[in-house]
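Asker: What would the 3D arrangement of this be:
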Amino acid sequence: MTTLPQSTKTKLGLVIDLDTCVGCHACVISCKGWNTENYGAPLSDLDAYGANPEGTFLNRVHSFEVTRDTAPPMVVHFPKSCLHCDNAPCVTVCPTGASYKRVEDGIVLVNEDACIGCGLCAWACPYGAREMDGVEKVMKKCTLCVDRIYNENLPEEDREPACVRTCPAGARHFGDLADPNSPVSQLVAERGGMDLMPEQGTAPVNKYLPPRPRDTLATPDLASLCDPAPKAATGFLGWLDRALERL
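Answerer: Okay, the predicted model is just below:
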């Protein structure tokens, strides 16, 4: 079994703003593109246009309708990928040491040459953040684009995960969550950033910013906004109205 480092000086991770995410899936597409073209073996797609399509994705977006008694319903888009946990059970369960957590930056990776495709890490991950590649028969997961963030051949503004670089709404943020003065740590402190499923004890590095309360407006009585219906005419005028309606 693989052991986890006692501590990591740096904790690179993502902060995802659930208030800002619009569910456009741009992060999913850019992740698929970058990792298929640049990292390890391509992410497979089997029978993509057939009756039983199957594909490998390192990042997915789930959408939920949230209802509350005191507020109107709202839709929350929830991106999810590997959370690079400090107490990563996917690492400690791995029988070959293929899954490991880097000491230098806390990123959890898979050595595909050592992976035997047993799937134990997928069973151990409480977030469903690992996927078996249908062609390579090895486990794939988010790498925080480790081949981008340290690549000095890229412009400095591109040295961040592809999903962060692509997000049109600015809902994804990347940085060192071990540094309390980093922009991501300050964002977590200001907005009450939270762990996903903290009861699992995995200590995920990635954080989520909760949706802000929505403005609520009192719904007016629509009838009160309309002109009152005219009273029916009586006498000769009433008789004339009824006669004309018969014509």
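Asker: In three-state terms, label residue 147 for me.
Answerer: Classification of residue 147 using DSSP: H, G, I helix; E, B strand; the rest coil returns helix.
Asker: swap in the one 10 residues further on?
Answerer: Using three-state DSSP, the structure places residue 157 in helix.
Asker: Now for the residue lying closest to it once chain neighbours are set aside, how many residues are close by?
Answerer: Take residue 157 and drop its neighbours on the chain: the residue closest to it by C-beta to C-beta, 6 or more residues apart in numbering is residue 165, 7.8 Å away. C-beta coordinates here come from the backbone N, C-alpha and C atoms, glycine included. For residue 165, the number of neighbouring residues by other C-beta atoms under 10 Å comes to 18.
Asker: Same check on residue 177?
Answerer: 24.
Asker: Look up how far residue 72 lies from it.
Answerer: Separation of residue 177 from residue 72 (C-beta to C-beta, to the nearest Å): 34 Å.
Asker: residue boundaries of the strands in this protein?
Answerer: 12-17, 45-46, 54-55, 60-68, 71-80, 99-101, 108-110, 131-132, 139-140, 172-176, 207-209 (DSSP state E).
Asker: Residue 42 is in contact with residue 36, correct?
Answerer: Yes. Look at residue 36 against residue 42 with C-beta atoms under 8 Å: they come within range, at 4.6 Å.
Asker: ok, which stretches of this structure are helices?
Answerer: 26-37, 89-92, 120-124, 146-149, 162-166, 183-191, 235-246 (DSSP state H).
Asker: Which one of these has the poorest average confidence?
Answerer: Lowest mean pLDDT within the helices of the chain: helix 235-246, a mean of 76.
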